[in-house]
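**Student:** Take a look and give me a structure for this.
(one chain, ligands or ions: 1)
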Amino acid sequence: MENITAGKSLKVAVLISGSGSNLQAIIDESAAGRLDVEIVLVVSSRPDAYGIKRAQAAGIPTLVMCKEDYANAQAANERIAKACKEAAAEYLVMAGYMRMVLPPVLDAYPNKVINLHPALLPSFKGAHAIQDAFDAGVKVTGVTVHLANEDYDKGPIIAQRALAVEEGWSIDDLEEAIHAIEHKLYPEVLALVAAGRVKVTPDGKTAIAQGA
Ligand code: GAR
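**Tutor:** Okay, the predicted model is just below:
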């Protein structure tokens, strides 16, 4: 019988800078048939990111960016946008990508660049959110998935999941708990995106996730 879903998976490029445990979660959920997403390209901002090995092990093409190969961040973003288009990516999924995405990428993928952040935005923006939340002694923190735009860590929020910080936790305990949430929440949100259930209001300010 003809497989009517064949070739219909949402094609995404995943952008990483480090370990790639969230990339792995997406790979695993897709392989298990629980997430209708095909990763057509992994872009790494660092040549030494462990996530590159995860991509290679899964047979996913990679684009490894080296700072010295590009005149500036604009040129690097132009290269990323071109590679993602050539790979036929429909969405860009940032998973621990520690660089800004600039207009060449954002304009190529309007409202189609998704970011994962290890805190409850708008609290603890930036590159050290888990440490910053820990240092602030918050009792509740969590994970945010949002659309990226030119306002760093301020794009429309798609989903958030809260986490109660338990008495006596070390930073490692907190990090582990955050990652455990991320590895569940990010594939869940991507499944909603793949099902066409994430919409953005015409003013571009609010994302609505039906079923989140
Ligand atoms: C994740 O915790 C992600 O939320 C965070 O980097 C980690 C990457 O882990 N991203 C940011 O802080 C973005 N500002 P991974 O490489 O194992 O997926």
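
**Student:** Tell me which stretches of this protein form strands.
**Tutor:** Ranges of strands within the chain are 10-16, 37-44, 62-64, 91-94, 113-117, 140-147, 157-164, 198-200, 207-209, based on DSSP state E.

**Student:** winner for burial among the ones you listed?
**Tutor:** Most buried of the strands of the chain, by mean neighbour count (mean count of other C-beta atoms under 10 Å): strand 10-16, with a mean of 26. To be clear about C-beta, it is placed using only N, CA and C from the backbone, and glycine gets the same treatment.

**Student:** what does this structure put close to the ligand?
**Tutor:** Contact residues, the chain versus the ligand (C-beta under 6 Å from any ligand atom): 16, 18-22, 51, 95-96, 116-118, 127, 129, 179, 182.

**Student:** Filter those down to just the ones in helices.
**Tutor:** Among the residues of the chain next to the ligand, the members falling in helices (DSSP state H) are 21-22, 51, 129, 179, 182.

**Student:** Pick out the most distant pair among these.
**Tutor:** Distances among those were taken as C-beta to C-beta; the most separated pair is Gly51 and Ala129, at 18.8 Å.

**Student:** In the chain, which residue sits closest to the ligand?
**Tutor:** Gly96 (2.5 Å; C-beta to the nearest ligand atom).

**Student:** Find me the pLDDT at the residue lying closest to that residue once chain neighbours are set aside, would you?
**Tutor:** Leaving aside its sequence neighbours, Gly96 sits nearest to Gly18 (C-beta to C-beta, 6 or more residues apart in numbering; 5.0 Å). Per-residue confidence (pLDDT) for Gly18: 98.
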